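> Would you be able to build a 3D model of this:
(one chain, ligands or ions: 1)
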Amino acid sequence: FPSHDIIIMNFETIILEEKGHVCLITLNRPDKLNALNATLLNELQKALQFCAYSELCHAIIITGSGPKAFAAGADIAQLHEQNAETGADFARFGQQIFTELEYLNKPVIAAVNGFALGGGCELALACHMRFAAPQAKFGQPEVNLGIIPGYGGTQRLTKLVGRAHSMELILSGALIDSEEALRIGLVNKIFPSETLIDECMKIAELIASKAPLAISASLKAIRSAEDLGTQEGMESEAINFGEICGTMDFKEGTLAFLEKRPAQFSGH
Ligand code: COA
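Presented below is the predicted three-dimensional model:
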């Protein structure tokens, strides 16, 4: 990221930067392959809350620092301390943060620059889109540690890639490369390592140039395709459509088309 970009908050385990209307969150424990300890999860939650309320921020990219990893999973040292009394809450803690991410009012893109394993894969799954470098590796290797995915993997992976691929990944604990991840629909596209962030920025900037309320309404309506039955989902689409018809940006977008000029969206 070029040096003129603003570092908004300097956390201990993540970096939050703002470039125009896009926020970049970098998971920053490279010596531990960006493993998700409690501090990192708390800081990620705070950064996402900042992004949700920032009027400047229209889209978010999450990536990992260092050449090797997006995130190599929950911190196994902290995981090892869990027992039958604490385990469910350990899972709920990560689930809650990733669910907040999934329901964020702004799109979140995972720029998967290396290993996305266990909780790291689950974090990528909670994002709205995933773009990967060729060297990225994906997997749910929890069974190798004698446990199961706990940050939403059994649910989101199954919904995203279907039961057969989800079963194979979770039951075998095997890793797949980015080509295989692309083939099964786990990632949207593969970009060269050197240009991954720039390409994700281009996509984020394109989204950020649209009417922000239309983007957040799209996110809500698409979510309802998973959360609701078809009839209720249609109704959710109609309600979201109706609300957007009451916005100034809708009038501006349609008028700009009729007047053959670019739209100037205000976010209202
Ligand atoms: N939790 C805590 N620490 C982790 C970690 C994790 N999930 N993944 C990697 N690390 C640490 C290693 O312990 C090591 O720390 P050290 O240098 O203090 O010993 C450092 O990160 C580098 O990892 P290392 O294993 O030496 O790198 P590698 O290139 O040989 O192997 C992996 C890379 C990803 C294959 C390997 O680190 C791994 O299997 N990690 C665990 C993946 C996993 O099971 N995740 C699911 C957790 S639920």
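> residue ranges for the helices of the stretch 51-200 of the chain, please.
For the stretch 51-200 of the chain, applying DSSP state H, counting those that start in this stretch gives helices covering 76-80, 87-102, 119-126, 153-161, 163-172, 178-183, 196-208.
> To the ligand, which of the ones you listed lies closest?
helix 76-80 (3.8 Å; Cβ to the nearest ligand atom). Bear in mind the C-beta positions are built from the backbone N, C-alpha and C, glycine included.
> quick one: that closest one to chain centroid distance?
24 Å (Cα atoms, centre = their mean, to the nearest Å).
> For that helix, give me every contacting residue.
Ala35, Asn37, Ala38, Phe90, Leu145, Ile147 (Cβ atoms under 8 Å, 6 or more residues apart in numbering).
> just the buried members of those?
Among these, those classed as buried by 16 or more other Cβ atoms under 10 Å are Ala35, Asn37, Phe90.
> Could I get the phi/psi values of the first one?
It stands for Ala35. phi -60, psi 140 (degrees, to the nearest 10).
> need the contact list for the closest residue to it other than its chain neighbours.
With sequence-adjacent residues excluded and distances taken as Cβ to Cβ, 6 or more residues apart in numbering, Ala35 is closest to Asp75, at 4.4 Å. If a contact means Cβ under 8 Å, 6+ apart, then Asp75 has Lys32, Ala35, Leu36, Asn37, Ala38, Leu40 as its contacts.
> The last one reaches Thr26, doesn't it?
No: with contact taken as Cβ atoms under 8 Å, Leu40 and Thr26 are classed as non-touching, separated by 11.1 Å.
> Find residues that contact each of these two.
The contact lists of Leu40 and Thr26 share Ile14, where a contact means Cβ under 8 Å, 6+ apart.
> what comes up buried for the helix or strand encompassing Ser236?
Using DSSP states H and E, Ser236 sits in helix 230-245. For helix 230-245, the neighbour count (16+ other Cβ under 10 Å) marks Gly233, Ser236, Glu237, Asn240, Ile244 as buried.
> And these, which is closest to the ligand?
Gly233 (33.2 Å).
> Around the ligand, pick out the residues from this structure.
Proximity of the chain to the ligand, by Cβ under 6 Å from any ligand atom, involves residues 32-33, 35, 72-77, 79, 115, 117-119, 141-142, 144-145.
> Return the subset of these lying in strands.
Phe115, Leu117 (DSSP state E).
> buried subset of the residues of the chain next to the ligand?
Applying a neighbour-count criterion of 16+ other Cβ under 10 Å, the buried members of these are 32-33, 35, 72-75, 79, 115, 117-119, 141-142.
> Need the phi and psi values for the residue most central in space within the chain.
Most central in the chain under Cα atoms, centre = their mean is Cys127, positioned 2.0 Å from the mean C-alpha point. Main-chain torsions, Cys127, degrees, to the nearest 10: phi -70, psi 160.
> How many residues are close by the residue lying closest to Cys127 once chain neighbours are set aside?
Of all residues not flanking Cys127 in the chain, Ala110 sits nearest, at 3.9 Å (Cβ to Cβ, 6+ apart). Neighbours of Ala110 under the rule other Cβ atoms under 10 Å: 30.
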